[in-house]
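**Student:** Give me the fold of what follows.
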Amino acid sequence: MSAQIFHDSDSDLAYRAGWATRRIIIYGVLLLWAFICLFPIYWTLSTTFKAAPDVMKGNLIPWIDFTPKWLGLRSLGLSPETIFAESTVREEFLKRFWNSAIVALGSSTFAVILGSFAAYGLSRFSYRFGFMRNGDISFFFLSQLILPPVVLALPFLVLYKELDLLDTRIGLIALYALTVLPIVIWIMRDQFGSIPVELEEAALVDGSSIWGAFLTIILPIALPGMVAAFIISLVLTWNEYFFAALLTASHAKTLPVMVASQTGSQGIAWWSMAALSLAAILPLVIIGIALERFIIKGMAAGAVK
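**Tutor:** Residues are numbered from 1 along each chain as shown. The predicted structure follows:
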């Protein structure tokens, strides 16, 4: 009897030791992955306060490896001694930041609205366009992402010149909405597909119209997916550089173009580039943290039916 008790006690201790070891390994891997993901943000933040020699030496820890300076923020007119003084650089930065915000928000909103309508139609009705059915039409939208942007450069440049849309925010909004529309359609198609059709049928029986059922019943349920699609579209359009550099000159230039302009024949102004990059990262980080629950719900939509 006592031998059995000792055996059970040893088994329990071995199980607890194995459980603790697995937990330590899992949390260790997660901490390592979190460090890998967050290190570029820390590097950008620390580089904002470094001088050129500190950047070249790879110094990492402030007040130990290097003495922080206001070089990055001063280059944008945002340091404590320049924030209240007139600064053309700060005005230029705010203009580019405002352009990025307007273009990204406008194109993402337009893409989510248009893509939601298209995805709802593809998930609820049967279409036929030549040999193409609903699945073929959905794949056609997704296939537009295969084309590299450089292939579309010349056609859009000629088209925008004819339409007088070069160096305009409305031109970028239309183009960006077109580029992220396939992603929105696929996300929302899965979202609407996971919602039972019986909910709409019950609303129609109660006297509601198709639009009424969509706006009052389906849309609130699909809201997490719409928010997730909006955030993904926002990230893609906010960070887009190629078309912004190609189709703008001065009025509609966005923040990524301003970041890239910190390189020149005299070298790279690392502190300025880091400060601009930090300004470009922070809004997306804040939005991601604030809407995290919607992102998780939206990305998981349709995974279990």
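**Student:** got the residue ranges for the strands in the stretch 201-305 of the chain?
**Tutor:** Secondary structure of the stretch 201-305 of the chain (DSSP state E, counting those that start in this stretch): strands at 263-264, 267-268.
**Student:** out of those, nearest to Leu73?
**Tutor:** Minimum separation from Leu73 across these (Cβ to Cβ) falls at strand 267-268, 17.4 Å. To be clear about C-beta, it is placed using only N, CA and C from the backbone, and glycine gets the same treatment.
**Student:** Please report how far Thr21 lies from Ala14.
**Tutor:** 10 Å (Cβ to Cβ, to the nearest Å).
**Student:** Am I right that Ala279 is in contact with Phe93?
**Tutor:** Yes. Contact between Ala279 and Phe93 holds when scored by Cβ atoms under 8 Å: they sit 7.4 Å apart.
**Student:** For stretch 229-247, buried residues please.
**Tutor:** For stretch 229-247, burial by neighbour count (16 or more other Cβ atoms under 10 Å) applies to 229-240, 243-244, 246-247.
**Student:** who's in contact with Val158?
**Tutor:** Counting by Cβ atoms under 8 Å, 6 or more residues apart in numbering, Val158 touches no other residue.
**Student:** Off-centre distance for the helix or strand hosting Glu91?
**Tutor:** According to DSSP states H and E, Glu91 maps onto helix 88-124. Its chain's C-alpha centre and that of helix 88-124 lie 11 Å apart, by Cα atoms, centre = their mean, to the nearest Å.
**Student:** After that helix, which helix or strand is next?
**Tutor:** Counting by DSSP H and E, what follows helix 88-124 is helix 134-143.
**Student:** who's in contact with the nearest residue to Leu105 once chain neighbours are set aside?
**Tutor:** Nearest residue to Leu105, sequence neighbours excluded (Cβ to Cβ, 6 or more residues apart in numbering): Leu234, at 7.1 Å. For Leu234, the contact set (Cβ under 8 Å, 6+ apart) comprises 104-105, 108, 284, 287.
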